[in-house]
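1. What follows is a predicted protein model with its sequence.
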Amino acid sequence: MTAGSGQVYVVTGGCGFLGSHLVRMLLEHEKNISEIRVFDLHLDESLRSLSNNRVRVRLISGDISHLDDVREALHGSHLVIHTASLVDVWGRVPASKINEVNVTGTENVLQACKEEGVQYLVYTSSMEVVGPNIHGDHFYRGNEETEYRIYHKEPYPLSKAKAEKLVLEANGTKMKGGKMLYTCSLRPTGIYGEGHELMKKFHRQGLRTGRCMFRAIPPAIEHGRVYVGNVAWMHLLAARQLQIHPSTLGGQVYFCYDSSPYKSYEDFNMEFLSACGFKMIGSRPLVPYFLLYLLALLNTLLQWVLHRFFIYAPILNPYTLAVASTTFTVQTDKAEKHFGYRPLYAWEEAKKRTITWIKSLEVREKDLKDVGAKGNYCCN
Ligand SMILES: NC(=O)c1ccc[n+]([C@@H]2O[C@H](COP(=O)([O-])OP(=O)(O)OC[C@H]3O[C@@H](n4cnc5c(N)ncnc54)[C@H](O)[C@@H]3O)[C@@H](O)[C@H]2O)c1
Ligand SMILES: CC(C)CCC[C@@H](C)[C@H]1CC[C@H]2[C@@H]3[C@H](O)C=C4C[C@@H](O)CC[C@]4(C)[C@H]3CC[C@]12C
């Protein structure tokens, strides 16, 4: 196929952690496209060089909360994968901003689809539209049909739930020219893999404590994790099959799953960190839960006191503690049944790739230190 004769996909948030994996996945595995429009607030110029003689990667700088930007990006396209979002459970960003990007942004994508006659939309949702809830109810190996007390209070899960509802309600909308809009929603659990910012943080923190990690969460608490390459693969398949079987996929939600083991958040991280010489201290939490909860509350208080001066947003707060302390794992085959999804990367491969990436971070940090040391030497 020559450039120009295939489909045009728009990936919102295409420069983010998941988005950039998705762009690479589309380039490698989707043969029907001739252009990928990477729409993002902050552009990653390195993606431009991924263009080849079959597919053009076009970087578009824009704000999802501005309808004009979105409309322009979607003009003449066939399908949108909407991953752009503000992912914040730490209070770095005001709730109004989260709402503006995650909810108004999604409204804009839907509006632009209708105005520009773009028939297909795959939305990146989150497990958090379901839970964990603040009551600490466990969701053990649940699926899309499992009943659960859904209760949203925090801005991020609230915004993802509102946006997902809008996306699903828009399925089947008649557009100009009699065309129909088809939408579906994918709900990843905690995504991991190359480029995962939070893993970088834990890694850096562990280096500071002599490669020791201190257990805070009971090992019996299971937390669902899914490899970024498999999340990207699932998006690709959903996008492809939504066009072929719109009545099957349209209006549906799918958890993102793969063969990653069910473990606590900390033990799962250790699957990679132990390969880099890190050790987990304690077979049980070293600090009792009530103390951890008090620390989390103290962090909230400090955040409030300091907010006039700077943004204090530590990893631990009552919400992140609740999420990490509540089992939330999925076990489902809905995506396999509806659109033939099977993980592209086996656990061993996902693990190998993630470890290689973490090791590369160490090399980079060492290089930076060496340059710093040389710099100091020169100056002295
Ligand atoms: N990381 C996870 O564990 C996880 C789990 C479940 C679901 N998700 C969902 O997956 C998606 C991608 O998450 P991620 O972890 O890659 O996050 P990310 O922050 O790395 O990527 C989000 C991208 O959206 C862009 N963006 C933010 N505001 C924008 C705006 N106003 N206009 C245009 N672009 C904007 C950012 O610049 C970024 O590149 C999100 O929708 C998130 O809710 C993430
Ligand atoms: C108590 C501390 C020692 C550990 C704190 C870990 C905590 C920061 C982690 C645990 C679980 C993580 C969330 C989970 O993986 C899933 C998602 C959904 C996604 O849509 C956004 C990110 C989020 C909320 C992760 C954020 C970090 C959490 C809470």
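-> That came through, no problem. These figures come from a predicted structure and were not determined experimentally. Ligands and ions are numbered 1, 2, ... in the order given.

2. C-alpha from now on. contacts and neighbour counts both.
-> OK.

3. List the contacts of Phe328.
-> 131-132, 138-142, 222-224 (Cα atoms under 8 Å, 6 or more residues apart in numbering).

4. let's go with 6 Å and repeat that
-> 139-140, 223-224 (Cα atoms under 6 Å, 6 or more residues apart in numbering).

5. Surely Asn32 is in contact with Ser5?
-> No: if you go by Cα atoms under 6 Å, Asn32 and Ser5 don't touch, sitting 8.7 Å apart.

6. quick one, strands of the stretch 251-380 of the chain?
-> Along the stretch 251-380 of the chain, the segments classed as strands by DSSP state E, counting those that start in this stretch run 253-256, 279-281, 328-330.

7. To clarify, my last question referred to the stretch 51-200 of the chain.
-> Along the stretch 51-200 of the chain, counting by DSSP E, counting those that start in this stretch, strands occupy 56-61, 79-82, 120-124, 139-142, 182-188, 190-192.

8. Tell me which of Asn32 and Ser5 has more neighbours.
-> Between Asn32 and Ser5, counted using other Cα atoms under 10 Å, Asn32 has the larger neighbour count: 17 against 13.

9. how about that one, phi and psi?
-> phi -90, psi 0 (degrees, to the nearest 10).

10. measure it to ligand 1 for me?
-> According to Cα to the nearest ligand atom, to the nearest Å, Asn32 and ligand 1 sit 24 Å apart.

11. residue contacts, that residue?
-> Applying Cα under 6 Å, 6+ apart, one finds that Asn32 lies in contact with Gly6.

12. thinking again about what came up before, of the contacts of Phe328, which is the nearest to Tyr265?
-> His223 (5.5 Å; Cα to Cα).

13. can I assume the closest one is in contact with Glu266?
-> No: contact criterion Cα under 6 Å: His223 and Glu266 do not qualify, at 9.1 Å.

14. what about those two, which has more around it?
-> More crowded of His223 and Glu266, by other Cα under 10 Å: His223, with 27 against 22.

15. List the residues that contact that one.
-> Per Cα under 6 Å, 6+ apart, neighbours of His223: 263-265, 327-329.

16. what's the burial count for Val305?
-> Neighbourhood size, Val305 [other Cα under 10 Å]: 12.

17. just to revisit the earlier point, tell me which of the strands of the stretch 51-200 of the chain approaches ligand 2 most closely.
-> Of all the strands of the stretch 51-200 of the chain, strand 190-192 sits nearest to ligand 2, with 3.4 Å by Cα to the nearest ligand atom.

18. Check which helices and strands the closest one sits against.
-> strand 225-227 (3 or more Cα pairs under 6 Å, 6 or more residues apart in numbering; DSSP states H and E).

19. The strand it packs on pairs with which strands?
-> strand 190-192 (parallel) (DSSP bridges).

20. Say whether ligand 2 is contacted by the strand it pairs with.
-> Yes: judged by Cα under 6 Å from any ligand atom, strand 190-192 and ligand 2 are in contact via Gly190.

21. from the chain's centre, how far out does that strand sit?
-> How far strand 190-192 lies from its chain's middle: 7 Å, per Cα atoms, centre = their mean, to the nearest Å.

22. same deal with stretch 223-241?
-> Chain-centre distance of stretch 223-241: 10 Å, with Cα atoms, centre = their mean.

23. Let me see the contact set for the residue of the stretch 1-150 of the chain found nearest ligand 2.
-> Going by Cα to the nearest ligand atom, ligand 2 is nearest to Ser126 of the stretch 1-150 of the chain, at 4.5 Å. Listed by Cα under 6 Å, 6+ apart, the contact partners of Ser126 are 187-188.

24. repeat that with 10 Å
-> 156-157, 160-161, 164, 185-191, 254-256 (Cα atoms under 10 Å, 6 or more residues apart in numbering).

25. for Gly250, same thing?
-> Contacts for Gly250 (Cα under 10 Å, 6+ apart) come out as 120-122, 168, 170-172, 181-185, 238, 241-243.

26. let's see 6 Å
-> 182-184.

27. which of the residues you listed has the most neighbours?
-> Counting by other Cα under 10 Å, top hit in the contacts of Gly250: Thr183 with 33 neighbours.

28. isn't that one right up against Asn171?
-> Yes: Thr183 sits in contact with Asn171 when judged by Cα under 6 Å, with a separation of 5.0 Å.

29. Look up the residues that both of those two are in contact with.
-> Gly251.

30. ok, Gly131 - how many residues close by?
-> Residues contacting Gly131 under the criterion other Cα under 10 Å number 24.

31. What of His307?
-> Around His307 there are 13 residues (other Cα under 10 Å).

32. Per-residue confidence at it, what does it come out as?
-> His307 is assigned a pLDDT of 94 by the prediction.

33. next one: the one 5 residues further on
-> Predicted confidence (pLDDT) at Tyr312: the value is 96.

34. Can you pull out the residues in contact with stretch 87-97?
-> 155, 313.

35. in that stretch, what counts as buried?
-> 88-93 (16 or more other Cα atoms under 10 Å).

36. Just give me the closest of the contacts of His223 to ligand 1.
-> Tyr265 (11.7 Å).

37. The closest one: what's it in contact with?
-> Tyr265 touches His223, counting by Cα under 6 Å, 6+ apart.

38. And stretch 241-257, how far out from the chain middle?
-> Its chain's C-alpha centre and that of stretch 241-257 lie 19 Å apart, by Cα atoms, centre = their mean.
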